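In: Give the three-dimensional model of this entry:
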Amino acid sequence: MENNKEYYTPEIDELFVGYEYEVIMEGNPKTWVKMIVNSPRLDYLLNVKNFANGSVEYSIPECIRTKYLDKQDIEQQGWEFNLLGKDDWFKGQIHKDTPYEELHYPFELWFRLDKYWLGFYKAIHKIVILEKGDFPNGQTIRFNGLCKSKNELSKLMKDYLNIKTK
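Out: Predicted coordinates for the structure are as follows:
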């Protein structure tokens, strides 16, 4: 099953209880249906390949896909899009009421949630989360790495950063 640039087939280690994904349902036409992992046992999702030597290999079938993280997913987690960015040099060049158009943001988007800033580099599925405060440099990097889906962002915010979500 071919995934487009908005979706990918997740790896087994990405899955956890509460993970949102889509599965294709046979029919005319075939349709993608949203599902949520509801059990720590994942065998109902996986392809199993048994080898003659007794070893077993598990994989996720291509009929399962996950949507890549996007602006709307980040906003659904409670982050507020900041048109002007965190420290951009052009702050004085753009009026704050200018509507968002993806064409104008090919590389990064910035969001704010309380004392945190999130930089989203959508082309490479990377985020940076900064905590603003009264530190020597005024900010601390709390996370800098890959984040492919809203599942990962939600888990990161809850389990690692202890940031409350909506």
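
In: drop to CA atoms for contacts and neighbour counts, all remaining ones
Out: Will do.

In: Can you tell me the centre-most residue of the protein?
Out: residue 149 (2.3 Å; CA atoms, centre = their mean).

In: Quick check: the gap between that one and residue 20.
Out: 9 Å (CA to CA, to the nearest Å).

In: Could you tell me which residues touch both of those two?
Out: residue 66 (CA atoms under 8 Å, 6 or more residues apart in numbering).

In: quick one: low-confidence ranges for the protein?
Out: 1-3, 84-107, 134-137, 165-166 (pLDDT under 70).

In: switch the cut-off to 50
Out: 1-3, 89-94 (pLDDT under 50).

In: can you pull out the helices in it?
Out: For the chain, applying DSSP state H gives helices covering 71-76, 150-155.

In: Now mean neighbour count and distance to residue 34 too, for these, in a markdown table please.
Out: Below are those laid out as a markdown table (neighbours: other CA atoms under 10 Å; distance: least, CA to CA, whole Å):
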| stretch | mean neighbour count | distance to residue 34 |
| --- | --- | --- |
| helix 71-76 | 15 | 15 |
| helix 150-155 | 19 | 13 |
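
In: before we move on, back to that, go ahead and confirm the residue nearest to the centre of the chain touches residue 69.
Out: Yes. Counting by CA atoms under 8 Å, residue 149 touches residue 69, with 4.1 Å between them.
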